[in-house]
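Asks: coordinates for the following, if possible.
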Amino acid sequence: MLGEKPGWSKLDWHRRLQFKIPTLVNGEWVYTVDTTFTPVAADSGTFYRLKVATTPGNLNNSLCSVGNSQKIFVKIFNVNCALLDNLLLDFDGYIINEKAVLKWTSSGSETNLKEYDVEKSLDGINFSRTGIIPTIL
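Replies: Residues are numbered from 1 along each chain as shown. So this is what the prediction gives:
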């Protein structure tokens, strides 16, 4: 697909995009893209990026296009449960003796709330449970 890297595929957004003229901001050219797309469950775990070129035909030419922009990761949750009436008012975390200490304050409305799952991630994408904290009733 257009000489893309393995794992990347082309979306035909160019038909929905209006071609924009960049603006110069603090010495850098800025393109504003005003398109939206509605992800579905099958899109979960997918990375997206924007490739910019001087013309649609130049998207195929690596000398006339830029494709190493910020990647966007999409994570979609299909949850069919009611929201709990509990607000997280404050959250703080720090390290003591090489261990993470987490403190939070909730709205106190822990009715129907059994516990808090504490999870960690090394990459900000994949999380694993590290602890379970029971609520104070």
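Asks: all the strands of this structure, residue numbers only.
Replies: 23-25, 28-30, 46-48, 52-53, 65-66, 72-74, 88-96, 99-106, 115-120, 128-134 (DSSP state E).
Asks: quick one: average pLDDT of the second one?
Replies: Taken as a whole, strand 28-30 has a mean pLDDT of 76.
Asks: show me the domain layout of this structure.
Replies: Listed domain ranges for the chain are 13-74, 88-134 (source: automatic domain parsing).
Asks: the shortest one: end-to-end distance?
Replies: Between the start and the finish of domain 88-134 there is a gap of 15 Å, counting by Cα to Cα, to the nearest Å.
Asks: quick one: low-confidence parts of this structure?
Replies: For the chain, the stretches flagged by pLDDT under 70 are 1-20, 32-39, 49-50, 65-85, 108-110, 137.
Asks: try 50
Replies: Filtered on pLDDT under 50, the chain yields the residue ranges 1-4, 13-16.
Asks: ok, residue 99 - how many residues close by?
Replies: Residues contacting residue 99 under the criterion other Cβ atoms under 10 Å number 7. Glycine gets a C-beta too; all of them are placed from N, C-alpha and C.
Asks: now it: how far from residue 91?
Replies: 17 Å (Cβ to Cβ, to the nearest Å).
Asks: do the same with residue 48
Replies: In terms of Cβ to Cβ, residue 48 sits 29 Å off from residue 91.
Asks: between these two, who's got more neighbours?
Replies: residue 48 (15 against 10).
Asks: in the sheet, who's paired with the more buried one?
Replies: residue 72 (DSSP bridges).
Asks: next: residue 94.
Replies: Beta bridges link residue 94 to residue 101, judged by DSSP bridges.
Asks: neighbours of it, just the number please.
Replies: Residues near residue 94, counting by other Cβ under 10 Å, number 9.
Asks: circling back: can you put the strands of the chain in JSON lines and add distance to residue 40?
Replies: Compiled in JSON lines, those are given as follows (distance: least, Cβ to Cβ, whole Å):
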{"stretch": "strand 23-25", "distance to residue 40": "33"}
{"stretch": "strand 28-30", "distance to residue 40": "30"}
{"stretch": "strand 46-48", "distance to residue 40": "10"}
{"stretch": "strand 52-53", "distance to residue 40": "26"}
{"stretch": "strand 65-66", "distance to residue 40": "28"}
{"stretch": "strand 72-74", "distance to residue 40": "10"}
{"stretch": "strand 88-96", "distance to residue 40": "29"}
{"stretch": "strand 99-106", "distance to residue 40": "33"}
{"stretch": "strand 115-120", "distance to residue 40": "25"}
{"stretch": "strand 128-134", "distance to residue 40": "26"}
